[in-house]
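A.B. asks: missing the sequence, but the structure's below:
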């Protein structure tokens, strides 16, 4: 298996499953912690896909691998492009690009009438003012292709507009380019979704989606930076079923066939609504919480599934415990 980016634990878990590991990693992020679990390392800026594809093809000829995976946000698109170039049969490049591009994802959902949300792409203060004139306030401004709550702002009053646009465009100078998926020149404007947030953790097996866990969220006062998670969700069972049914419709709509997904949902006054989704396990130690609460290591399943090394889940696991994490903020 080829593993693109991420922590040493991904290589370790693949190694423990009996897989030979080709590890594609940035040179400054590869060290002795990886060595016991890696058979071949390709040390290169994997975000530069035009550069890495010829290198990966050459490596594949001498050390062939049967699947490529990334469980790390910035590795998802490179892994999909490698998979597509070599014809390895993972999730389609279109699906991965759709999940990474929040504006395209929202257009797809709106066209299908699934969790419709008013949304447009903008670049300027004038764009944001026009969106507010059409949709009112509050609205949310966020990057088109980032994760981890980077650069998300709420415009609660028209007096916020100029400051929010200025702060958004300043981010590209404040953040390291290697930590960003895009160049932050455009932003997505969306109507504000009220209500508590949760995420639904799933594993897909050849297009069959299994709901693994539901995760409740705690956030900062702005409502965007997550400071805690707990499993299983404490929301009423009928509301959770409604949210989970929406997530299955969503995964079908974007064409996800295999592997993990972490889908964020707002429980609004109008019912559950999709915020966004990622074809990876959730961050902030959510996989550890899932292993404690539901007895399922989603990372191990994602690595094992292409080789049939673990029996696919047939039904949603019942929780066997409760788990929670909190992050301290200065």
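C.D. replies: Nice, thanks for sending it over. No experiment lies behind these values; they were computed from the predicted model shown.

A.B. asks: May I see the buried residues of the helix or strand bottoming out on mean pLDDT in the chain?
C.D. replies: Using mean pLDDT, DSSP states H and E, helix 161-174 stands out as the lowest-scoring helix or strand of the chain, at a mean of 85. Neighbour-count burial for helix 161-174 flags 161, 164, 165, 168, 169, 171 (criterion: 16 or more other Cβ atoms under 10 Å). In this view, the C-beta of every residue, glycine as well, is placed from N, C-alpha and C.

A.B. asks: just the residues you listed now: which is nearest residue 303?
C.D. replies: Taking Cβ to Cβ as the measure, residue 171 is the one of those closest to residue 303, at 33.3 Å.

A.B. asks: Provide a list of residues in contact with the nearest residue to that closest one once chain neighbours are set aside.
C.D. replies: The shortest distance from residue 171 to any non-neighbouring residue, by Cβ to Cβ, 6 or more residues apart in numbering, is to residue 151 (4.9 Å). Under the criterion of Cβ atoms under 8 Å, 6 or more residues apart in numbering, the neighbours of residue 151 are 142, 143, 168, 171, 184, 187.

A.B. asks: In its sheet, which strands sit next to the longest strand anywhere in the chain, and in what direction?
C.D. replies: Determined from DSSP state E, the single longest strand within the chain is strand 208-219. With DSSP bridges as the test, strand 208-219 is paired with strand 197-205 (antiparallel), strand 226-231 (antiparallel).

A.B. asks: Out of those, the one nearest residue 80 is which?
C.D. replies: It's strand 197-205; of the strands paired with strand 208-219, that one is closest to residue 80 (Cβ to Cβ) at 14.9 Å.

A.B. asks: Check what pLDDT the residue nearest the centre of the chain gets.
C.D. replies: Closest to where the C-alpha atoms of the chain average out (Cα atoms, centre = their mean) is residue 278, at 2.6 Å. If you check residue 278, the pLDDT there is 95.

A.B. asks: right, and residue 145 touches residue 98 too?
C.D. replies: No - at 11.1 Å, residue 145 does not count as touching residue 98 under the criterion of Cβ atoms under 8 Å.

A.B. asks: Which stretches in the stretch 101-250 of the chain count as helices?
C.D. replies: Using DSSP state H, counting those that start in this stretch, the helices of the stretch 101-250 of the chain run over 102-112, 125-135, 161-174, 237-254.

A.B. asks: Please dump those into a markdown table; it should also carry distance to residue 88 for every row.
C.D. replies: Shown next, in a markdown table, are these (distance: least, Cβ to Cβ, whole Å):
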| stretch | distance to residue 88 |
| --- | --- |
| helix 102-112 | 24 |
| helix 125-135 | 40 |
| helix 161-174 | 34 |
| helix 237-254 | 20 |
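
A.B. asks: The ones you listed: lowest mean pLDDT?
C.D. replies: helix 161-174 (a mean of 85).

A.B. asks: where does the stretch 151-300 of the chain have low pLDDT?
C.D. replies: 172, 174-183, 222-223 (pLDDT under 70).

A.B. asks: and if we set it to 90?
C.D. replies: Within the stretch 151-300 of the chain, the stretches with pLDDT under 90 are 151-152, 158, 167-186, 219-226.

A.B. asks: ok so, going back, which residue packs closest to the residue nearest to the centre of the chain, ignoring adjacent ones?
C.D. replies: Per Cβ to Cβ, 6+ apart, closest to residue 278 is residue 262, 5.0 Å.

A.B. asks: The host helix or strand of that neighbour pairs with which strands, and in what direction?
C.D. replies: Counting by DSSP states H and E, the element that carries residue 262 is strand 259-268. Sheet pairing here is set by DSSP bridges, and for strand 259-268 it gives strand 197-205 (antiparallel), strand 271-278 (antiparallel).
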